[in-house]
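1. need coordinates for the below:
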Amino acid sequence: MNKIIKASLVLFVGCLLAACSPDKEKEATTGPSKFTIKLTGVTSGKLVVQQLRDKSWFTVDSTLNYKGSETFSVTSPEPDYFRVLDTANNYAIFILEPGKTITVEGDLKDMVKTFKSSDSKVNNEYYDFQRKLSVVLIHEEEWVKKYKEFMQSPATEDSATYYVTLLEDMQNKSDAFIKSYIDSIMPSFAVYTMTGYLRIEREFDYVYKLADRIKNEMPDSKYSRLFVGEISRMKAYKDEQAAKEAQGKAAVGKQAPNFTLHDRSGKSISLSSLKGKYVLIDFWASWCGPCRAESPNMVKLYQKFKNKNFEILGVSLDGSEEAWNGAIEKDHLTWLHVSDLMQWNSPVVSMYGIDGIPATVIVDPNGMIVAKNLRGEELMTKLDGLLK
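-> Numbering: from 1, shown residues only. Down below sits the predicted model:
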């Protein structure tokens, strides 16, 4: 689980999908376009039309007497996001292009399923994506529910492995669908909202390349400038963190900082006491779902390498001794475990630059760091190479 707050790219996308600030009245700019709505499911006769500006929704038109069909005229110098909102906060988002006239139909209470437009390619792309993605997300929600039930009940190693594999497969399919859909419609004004559904950290290389495409293929849009700016800031931050790590004491190729913590019996254990062995330092916690999901892999790994001059040193970021010990017993983690029960305030966290868990560090028999932040098959493959 990452401690770092996600970049404001997510906020940007969220503002397109819901009201992220109070309604503000303001004159619209130039560039006429018209759209006719034929919507059912409207709570009352009052509807307002709002435009997204600077991450806020501004009212630009309204009607107090909606009777099933209404034509609005709005102005904007470039394609922009608008929405129609009723008194019950049901809304529909549209992308309007200057000088164009479109007609849209649907049930305001469920526009994803019911949206229709025969004369707006970009809006059809937007809602087609929402419909197809909703199918993927429904399956993910079902899995999350099952996973929570699994975490609260006794489980076997096989069932844990099954659920972890299933989740990863679902997330990979979701990311693959989103990337494929974006690539199929570029350049399109609809892509800005779609990137917010990706796992940005994992898919950052793709998003970074996409930002470059957007910059080249849609250079004049204010949303292009906003998107590219956010991604550029994320890239700069990642580069800065990488540079700090390379210069830090806990970088690959440097001596692993020594530390001493108490094990479950209260005995002091130092990293230096394990010198002469390959040591996998595993930063984890009982409350960390991804850490617990990784437990079956760690158990298999330990069984494979424990007799090959190898040890795991589990460093828990728990605050409760009972929860810490309970997780060790439930997940059958039979290696060395230490903790100061100070959670993120533990000096070892800053010593090793840990900003999210699970996190791993491999230390060789000479006390040198040879790898960091490997999991699953990557971790197994690395240890296979070191301990063959």
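2. wait, residue 331 touches residue 297, no?
-> No: the criterion here is C-beta atoms under 8 Å, and residue 331 misses it with residue 297 at 10.9 Å. In short, each C-beta sits where N, CA and C put it, glycine included.
3. neighbour count for those two, which is higher?
-> Neighbour totals were compared for residue 331 and residue 297, and residue 331 leads with 21 against 18 (other C-beta atoms under 10 Å).
4. identify the residues contacting that one.
-> Residue 331 sits next to 292, 295, 296, 299 when contact means C-beta atoms under 8 Å, 6 or more residues apart in numbering.
5. and if we set it to 6 Å?
-> By C-beta atoms under 6 Å, 6 or more residues apart in numbering, residue 331 lies in contact with residue 295.
6. ditto for residue 72
-> Counted by C-beta under 6 Å, 6+ apart, residue 72 has contacts 35, 49, 61.
7. excluding its backbone neighbours, what's nearest the residue of the chain most remote from its centre?
-> Residue farthest from the centre of the chain, counting by C-alpha atoms, centre = their mean, is residue 65 at 42.0 Å. Counting by C-beta to C-beta, 6 or more residues apart in numbering, residue 45 is the residue found nearest to residue 65 once chain neighbours are left out, at 5.1 Å.
8. distance of that neighbour from residue 64?
-> Between residue 45 and residue 64 the distance is 6 Å, computed by C-beta to C-beta, to the nearest Å.
9. output the lowest mean pLDDT helix or strand found in the chain.
-> strand 24-25 (a mean of 42; mean pLDDT, DSSP states H and E).
10. thinking again about what came up before, so among the contacts of residue 72, where is pLDDT lowest?
-> In terms of pLDDT, the lowest of those is residue 35, showing 89.
11. who's it bridged to?
-> For residue 35, the beta-bridge partners are residue 72, residue 102 (DSSP bridges).
12. run a quick neighbour tally on it.
-> The local packing of residue 35 (other C-beta under 10 Å) involves 23 other residues.
13. can I assume it is in contact with residue 102?
-> Yes: Residue 35 is within contact range of residue 102, at 4.9 Å (criterion: C-beta atoms under 6 Å).
14. neighbour count for residue 45 and residue 64, which is higher?
-> residue 45 (12 against 9).
15. and the pLDDT at that one?
-> Here the pLDDT value assigned to residue 45 is 89.
16. so, low pLDDT: which residues of the stretch 101-250 of the chain?
-> Along the stretch 101-250 of the chain, the parts satisfying pLDDT under 70 run over 140, 147, 150-163, 243-247.
17. quick revisit: output the contacts of residue 72 as CSV; include the columns distance to residue 215.
-> Converted to CSV, those look like this (distance: C-beta to C-beta, whole Å):
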residue, distance to residue 215
35, 29
49, 30
61, 32
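18. and those residues, which is closest to residue 250?
-> Residue 250 lies nearest to residue 49 out of those, by C-beta to C-beta, at 54.4 Å.
19. what about the closest one, which SS state?
-> strand (DSSP: H, G, I helix; E, B strand; the rest coil).
20. quick one: contacts for it?
-> Here residue 49 is in contact with 60, 61, 72, 84 (C-beta under 6 Å, 6+ apart).
21. inside strands: which ones of the residues you listed?
-> With DSSP state E as the criterion, strands contain 60, 61, 72, 84 from among the contacts of residue 49.
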